[in-house]
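Chemist: Pasting the sequence and the predicted model now:
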Amino acid sequence: MTDILMPALSPTMEEGVLAKWHVKVGDVVSAGDVIAEIETDKATMEVEAVDEGEVTDILVAEGTEGVKVNTPIARLKDEGGAAAPKPAAKAEDAPAAKPQEAAKAASAAEAPKAAAAPAPAAPKSDDGERIFSSPLARRIAAQNGVDLKSIKGTGPHGRIVKRDVEAAGKGSAQPAAASTATTTAAAAAEPRKAQSLAQMGIPDGSYDLIPLDGMKKAVARRMVDSVQNVPHFPLFIDVEIDQLMAVRAKVNKMLEPQGVKVSVNDFVIKAAALALKAVPEANASYTPEGIAMHHNADVSMAVAIDGGLITPIIKKAETKGLAQIATESKDLAKRARDRKLKPEEFQGGTFSVSNLGMFGIKQFTSIINEPQGCIMSVGAGEQRAVVKDGQIVAATVMTVTLTCDHRVVDGATGARFLQAFKPLIEDPVAMLA
C-alpha cells in the first residue's frame, strides 16, 4: 500500500482545500494521471499521481478545508506495473469477523466497471501523432463511445484526463459522499455563525454569511501583517498622458494584425521597470539580514479574481517590449481568474502596480505587498485644467501614488523614482526603443 499525501504546492503552503477528486475507489491510475484538485490561498492546482496502482481508500472527502501538508488523503494498492487489477471481492465473501474489510469490499464492488477494465492503447490523430491521454480517460472513452480525437485535453501539457471525457459526454453527477461532506460542513458552520454574530448584537436570520475560503484568509492575514509591521508612507504625483494615449493608438494600429492590444497599464509596467533600473535603491526588499537589492524589475500586477486578489508577475519587465508585456499580462490575468497560475508566476516580484483607473477611481493608496519595498497605485486619467506657459489649458491627467516601506525606501529615494517614472509616461517614445 502507498499513501498519497497532501502535497506542498508552494514553499509557504501549510494547508489547503481538497477541492475535487478525479478518481474513485477502485480506479486504476498511472504516474502522471490527474487525481485531484487542490485549492491554495491563490490558485487551484491539479495533483498528479507519482505511482501507479488501484485506489483503495479515499481518506479525505472532497470539499474538505484546512487539510495539512503531508496528511494522507488517499491510499493506493501498488500494481507493480501489472495488468488490470483483479475483480473486486463481493461483500458477502468477506469474513464476518472483519466488518471493516467487508465494507471495503462492498465499496470496491460498487466501483464502475470502467475502472477495472484494461485501458485501450493510446490512439493517434489523423496525422499519425499520438494523442496523449490518461489510461482512465481512455477506458471511459471506450466504454462510452467517445472519440478522443475530438477532445481538447486540460491536463498537464494538454493531456486528456477523465474530466475531459466526461465533459464531452453526458458528464457525471457529484459523488454522494462529497455532497454529504458539504452538507455536514455547512450544518457545522451554523452554530458558529449564530453564536459569533449574536455576541455582536446582530439577530440571527438578518444576514447571509459567506464562509471565508483559503484566499480570503490568506489575504486578510497578509494585509494585517503588512499594516502592522511595515512603516508605510505615500508619495503622490500627477502625470499628463495625452502623448501616451496618442502613442498607444499608433502602437495598437501597428499591432492589430498580430492580435495584440497594449493597455495603459502595460505602459505603466514598462515605465515602472525602467524607473526601477534608473533608481535601483527603490527596487529593494527589507530582510532581517539586510536590504536585498534586486537585479531585475519583476513587476507584480494586481488582478481582481473571485474571492480576492492575486499578483501575477511580469518578470524582467525592463527587458521586454510593450507588445510582449501586453501579451504576458493578458495571459497571466486570464489564468489568474481561472486559478490556473503556477506558484512561481505569482510568488515573488520586486515591485507592484495596482490600477483602479478603469473603475473611475481618481486616487488611492495601496497596502505594500511584502517583502516588496514599494507599490504603485494608478488612478483614472481625466481631463483637468492645468497651467502651461501662464495659460490655463485642458490636459488628460493621471494621479499616481507610490507607497513605500520606509525601512527600505525613504522619501528622497521614492521621489527620485517618481522623477524617473514621470517623463517616461509623459513622453513614452523612449519606451519604444
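Modeler: Good, I have the coordinates.
Chemist: Give me the pLDDT value at Lys270.
Modeler: Listed pLDDT for Lys270 reads 98.
Chemist: who touches it in this structure?
Modeler: 317, 320, 322, 325, 424, 431 (Cβ atoms under 8 Å, 6 or more residues apart in numbering). C-beta: built from backbone N, CA, C; applies to glycine.
Chemist: In terms of distance to Lys20, which of those residues ranks first?
Modeler: Proximity of the contacts of Lys270 to Lys20 (Cβ to Cβ) peaks at Ile325, which lies at 33.9 Å.
Chemist: So which bits of the host helix or strand of the closest one are buried?
Modeler: Taking DSSP states H and E as the criterion, Ile325 maps to helix 322-337. By neighbour count with 16 or more other Cβ atoms under 10 Å, helix 322-337 contains the buried residues 322-323, 325-329, 332-333, 335-336.
Chemist: what do you get for stretch 302-321?
Modeler: Applying 16+ other Cβ under 10 Å to stretch 302-321 flags 302-303, 305, 307-315, 317-318, 320 as buried.
Chemist: Which of those residues scores worst on pLDDT?
Modeler: Per-residue pLDDT puts Gly307 lowest of the buried residues of stretch 302-321, at 74.
Chemist: Break down the stretch 151-300 of the chain into its helices, ranges please.
Modeler: 162-168, 176-198, 214-229, 242-255, 264-278 (DSSP state H, counting those that start in this stretch).
Chemist: between the ones you listed, which has the poorest average model confidence?
Modeler: Across the helices of the stretch 151-300 of the chain, the lowest-scoring stretch is helix 176-198, with a mean of 48.
Chemist: if we can go back for a sec, let's have the helices of the stretch 151-300 of the chain in JSON lines, adding distance to Ala61.
Modeler: Below are the helices of the stretch 151-300 of the chain laid out as JSON lines (distance: least, Cβ to Cβ, whole Å):
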{"stretch": "helix 162-168", "distance to Ala61": "18"}
{"stretch": "helix 176-198", "distance to Ala61": "4"}
{"stretch": "helix 214-229", "distance to Ala61": "17"}
{"stretch": "helix 242-255", "distance to Ala61": "49"}
{"stretch": "helix 264-278", "distance to Ala61": "41"}
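Chemist: out of the ones you listed, deepest packed?
Modeler: Greatest average neighbour count among the helices of the stretch 151-300 of the chain goes to helix 264-278 (a mean of 24), per mean count of other Cβ atoms under 10 Å.
Chemist: coming back round to it: any chance of the buried residues of helix 322-337 in a markdown table, plus pLDDT and distance to Ile4?
Modeler: Shown next, in a markdown table, are the buried residues of helix 322-337 (pLDDT from 0 to 100; distance: Cβ to Cβ, whole Å):
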| residue | pLDDT | distance to Ile4 |
| --- | --- | --- |
| Leu322 | 96 | 45 |
| Ala323 | 96 | 43 |
| Ile325 | 97 | 40 |
| Ala326 | 97 | 41 |
| Thr327 | 97 | 37 |
| Glu328 | 97 | 34 |
| Ser329 | 97 | 36 |
| Leu332 | 96 | 30 |
| Ala333 | 95 | 33 |
| Arg335 | 92 | 26 |
| Ala336 | 91 | 28 |
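Chemist: Could you pull up phi and psi at Thr311?
Modeler: phi -130, psi 80 (degrees, to the nearest 10).
Chemist: Do I have it right that it meets Phe351?
Modeler: No: if you go by Cβ atoms under 8 Å, Thr311 and Phe351 don't touch, sitting 10.4 Å apart.
Chemist: Would you mind listing the residues touching both of these two?
Modeler: Ser300.
Chemist: any idea how far Ile4 is from Glu52?
Modeler: Plainly put, Glu52 is 12 Å away from Ile4 if you go by Cβ to Cβ, to the nearest Å.
Chemist: Looking at the chain, which strand is longest?
Modeler: Longest strand of the chain, by residue count under DSSP state E: strand 391-405.
Chemist: what about stretch 288-296, start to end distance?
Modeler: 21 Å (Cα to Cα, to the nearest Å).
Chemist: what does stretch 254-267 give?
Modeler: Per Cα to Cα, the first residue of stretch 254-267 is 16 Å away from its last.
Chemist: Identify the residues contacting that stretch?
Modeler: In contact with stretch 254-267 (Cβ under 8 Å, 6+ apart) are residues 241, 244-245, 248, 251-252, 301, 322-323, 325-327, 329, 353, 355, 357, 378, 381, 425, 428, 431.
Chemist: Who are the packing partners of the longest strand of the chain?
Modeler: strand 232-240, helix 242-255, strand 374-378, strand 382-388, helix 411-426 (3 or more Cβ pairs under 8 Å, 6 or more residues apart in numbering; DSSP states H and E).
Chemist: Looking at those, which is nearest to Glu166?
Modeler: The nearest among the helices and strands packed on strand 391-405, by Cβ to Cβ, is helix 242-255 at 39.4 Å.
Chemist: and the direction of the closest one versus that of strand 391-405, what angle?
Modeler: 80 degrees (axes from the mean of the first three to the mean of the last three Cα atoms, to 10 degrees).
Chemist: Can you list the low-confidence ranges for the chain?
Modeler: Applying pLDDT under 70 to the chain flags residues 11-12, 41-42, 78-122, 124-130, 135-136, 155-157, 170-195, 433.
Chemist: Look through it and report the residue furthest from the middle.
Modeler: Centroid-distance maximum for the chain: Gly390 at 50.8 Å, with Cα atoms, centre = their mean.
Chemist: Return the backbone torsion pair for that residue.
Modeler: According to degrees, to the nearest 10, Gly390 has phi 80, psi 0.
Chemist: Can you give the contact residues for stretch 331-348?
Modeler: Outside stretch 331-348, the residues touching it (Cβ under 8 Å, 6+ apart) are 9-12, 39-40, 42-45, 298, 300-301, 303, 305-306, 310-314.
Chemist: Tell me which of the helices of the stretch 151-300 of the chain lies nearest to Phe236.
Modeler: Nearest to Phe236, of those and by Cβ to Cβ, is helix 264-278 at 15.5 Å.
Chemist: Now do Glu281: how many residues are near it, please.
Modeler: Residues near Glu281, counting by other Cβ atoms under 10 Å, number 17.
Chemist: Contacts only, for the spatially closest residue to Met245 that is not a sequence neighbour.
Modeler: Residue nearest to Met245 in three dimensions, not counting chain neighbours: Thr396, with 6.5 Å by Cβ to Cβ, 6 or more residues apart in numbering. Going by Cβ under 8 Å, 6+ apart, Thr396 touches 240-242, 245, 381-384.
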